[in-house]
Structure formats: C-alpha cells, structure tokens
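Enquirer: Need coordinates for the below:
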Amino acid sequence: MSADFSMRYCSNHEDFRLMCRLTQQAWSALGPRQPMHIGDLTWRFCRHADPATERLFPMWFYATGELVGYVQYDPSGSCDMTVLPSCNTAAVEELMIDWAEQRCDKRKLTVGCLDSNLERRAMLERRGFQSTGQGYARFLRDLTAAMQESPLPAGYRMKSVEGIQDFLGLSETGSQIYGRSALLADRYERMLASGQFVVGQDIVVLDSQDHVAAACIWWYDEVNQVGEFEPIGCHPAHRRKGLASALIAEGCQRIRSRGGKCAIVYTSSKNVAAVQCYETCGFKVTGSDCDFFKVLKRS
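Expert: Reported below is the predicted structural model:
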C-alpha cells in the first residue's frame, strides 16, 4: 500500500454514505463522463447482506481520512472504479487494480472503462488488459425541455410499489422482467433503508390480470439534479407495446418534480430494441464504455 493512501472495506451505512458523497462529487466534476451514479452504487450495494465480509467494496483514503476512491467488485470477477477527480487518480487506480488482481479468484478479471477515459485505458493495456469489444451505450435526456406524454395501451395500468408488503404481493409475477429476478425481499428492504430509495421510485405496469408486465426503478441525485433509470425491463409477452416508454415518461416527470434537470440510462450497445426505445423517449447518446479483461496467472 502506498504511504499516501490507506485502504479498508466498507463496513456500515456511514461508509456507504461516504461512497455516495464521493460519487456525487465525481459527477459534479465530470458530468456524464463520470460513469457511476448513486443509483448504480445503491442498486449494487444492497444486493449483498454483508459486503464487508465478502470484501466487495474496498475504500481508499488520504492520511487525513478523506475518501478518495472505491471499487465495486462483483464475485463473478468484474469491478468498477470510482475516484475523486481532484486526487492523484493514476496512483489510486494502480492500487485498485493491484487489489482487484489479488482479490479475484476467477481465471479472468474484467474492469470497466469509459471510451473517453484514455488514461485508464492506457494503464489497463500497460498492465496486460485487453478490450472485450463489448460495452454499454450511455444516454442522457434533458428534462428542462418539453416532454411528451406516452399513454399506456388499453388493458394496462401503472402504479407505484407502496413498500415491502406491496412488493411481496407483486414479486412473483415479475420474475421474467430484467432486474426483477434478482430483486428479493431482503434486498428491497436494504434499498428502503439506504436513504437513496423511497416509495414512488419503483414503478410497475400491470396487465388486466394485475400481473407485472413492465417495471422500472428511478434514482435521484439531488446534489447534481440528475436522475437515473436502473433497472428497467418488460416481460417478454408484453414487449413492443410502448410499456417501457410509458414508464420512462412517468419516471422523467417524477424526477423533474424533484428538481431534476436531466436523466441518464445505459444499455448494451448491441441491445437494438433498448437503444431505439431510449432514443424515441428523447435520450441522446453521450458516450460509451468498454470492458477490459486480463487472464490472471495463478501459481
């Protein structure tokens, strides 16, 4: 460990709040060139009952105690790095990759990198990482402009999920919707306790039998006045009916009512249907990212 920095694992909600504040600081400095939103952080953090024991969120600090960066590590062998732009970014990211290569118990380690982050890309390539050729397209919508309504077709209705009991009553019918199969009751309760998720941020579309046909969660960064959609999906039997567009339109209205100036969303660049949906809803591409991988040598 460099003498300039120390590392420890996120172990409680105060540490989580520190990571949220740093994420907001990074967005304030970089805007859409900051790949992480507090929605991404909360969605991933609340997936785990005990992230400290699993060593999933290491945090790096100055000697003064100021947080300068953190890693979100997934047990599948992938990680994302968030670093305070005003610090020695290159030095911290080198330490993060050192840690990730030691932590990863898979044959391959994957690291995310925005296409515009040429310094990180050069560092990864120097350390033996290669581009996977796969990544995400990132979209942004200006919420200060006029927004068109996107009505639901006949036979469908929209509702907010009104807490854990309402969620439990709907969860069985939403398992085939992107993001909902991983959204179990304990994770939902952790989201409600996070301070970043309140009633009204989980919106579903119900069919005539009150089964979940589509769903989305929106998040809001009040410091930067930017919302995010993560996740958003539609049941295979109800696609191409405008349900996702209606959810996005409603979510944008709710974000704007909180004071939001813009909203972001991202999807695989190969997901043609999602790309077309977001563009139809007024989102424009602001950039893309690509995963880099390295096959690790084990003794």
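
Enquirer: burial count for G65?
Expert: Burial of G65 is recorded as 7 neighbouring residues (other Cβ atoms under 10 Å). The C-beta positions use only the backbone N, C-alpha and C, and glycine is treated the same way.

Enquirer: ok, now how distant is L118 from G112?
Expert: 15 Å (Cβ to Cβ, to the nearest Å).

Enquirer: out of the two, which sits in the busier spot?
Expert: In this comparison of L118 against G112, neighbours counted by other Cβ under 10 Å, the higher total goes to G112 at 19 against 10.

Enquirer: Kindly provide the distance from the nearest residue in space to that one that is not next to it in sequence to A185.
Expert: Spatial nearest neighbour of G112, excluding adjacent residues (Cβ to Cβ, 6 or more residues apart in numbering): D80 at 4.7 Å. Separation of D80 from A185 (Cβ to Cβ): 26 Å.

Enquirer: Which helix or which strand is home to D105?
Expert: When secondary structure is defined using DSSP states H and E, no element contains D105, which sits outside every helix and strand.

Enquirer: F61 now?
Expert: Taking DSSP H and E as the criterion, F61 maps to strand 58-62.

Enquirer: burial of M191, as a residue count?
Expert: Counted with other Cβ under 10 Å, residues neighbouring M191 total 24.

Enquirer: What average pLDDT does the strand holding F61 get?
Expert: Model confidence over strand 58-62, given as mean pLDDT, is 97.

Enquirer: helices or strands next to the helix or strand following it in the packing?
Expert: Towards the C-terminus, the helix or strand next in line after strand 58-62, according to DSSP H and E, is strand 67-74. Identification of packing neighbours for strand 67-74 by 3 or more Cβ pairs under 8 Å, 6 or more residues apart in numbering; DSSP states H and E yields helix 13-30, helix 38-45, strand 58-62, strand 78-83, helix 89-103.

Enquirer: Now do the second one against strand 78-83, angle only.
Expert: When axes from the mean of the first three to the mean of the last three Cα atoms, to 10 degrees is applied, the directions of helix 38-45 and strand 78-83 differ by 140 degrees.

Enquirer: Mind listing residues that contact helix 38-45?
Expert: By Cβ atoms under 8 Å, 6 or more residues apart in numbering, the residues outside helix 38-45 that reach it are 10, 16, 19-20, 23-24, 51, 57, 72, 74, 82, 190-191, 194, 196-197, 217-221, 227-228, 230-231.

Enquirer: now it and helix 13-30, what's the angle there?
Expert: Counting by the same axes, to 10 degrees, helix 38-45 points 150 degrees away from the direction of helix 13-30.

Enquirer: which parts of the helix or strand just after helix 38-45 are buried?
Expert: The helix or strand immediately downstream of helix 38-45 is helix 51-54, counting by DSSP H and E. For helix 51-54, a neighbour-count test (16 or more other Cβ atoms under 10 Å) marks P51 as buried.

Enquirer: Can you name every helix or strand that helix 51-54 contacts?
Expert: Looks like helix 51-54 contacts no helix or strand (3+ Cβ pairs under 8 Å, 6+ apart).

Enquirer: Next, A249: secondary structure please.
Expert: Secondary structure assignment for A249 (DSSP: H, G, I helix; E, B strand; the rest coil): helix.

Enquirer: Would you confirm that it contacts C281?
Expert: Yes: A249 lies in contact with C281 (Cβ atoms under 8 Å); the separation is 6.7 Å.

Enquirer: Which one of the two is surrounded by more residues?
Expert: Counted by other Cβ under 10 Å, A249 and C281 do not tie: C281 has more neighbours, with 23 against 19.

Enquirer: I217 contacts G179, doesn't it?
Expert: Yes: with the criterion set as Cβ under 8 Å, I217 and G179 qualify as a contacting pair; they are 7.5 Å apart.

Enquirer: Around R120, how many other residues sit close by?
Expert: R120 has 21 neighbouring residues, counting by other Cβ under 10 Å.
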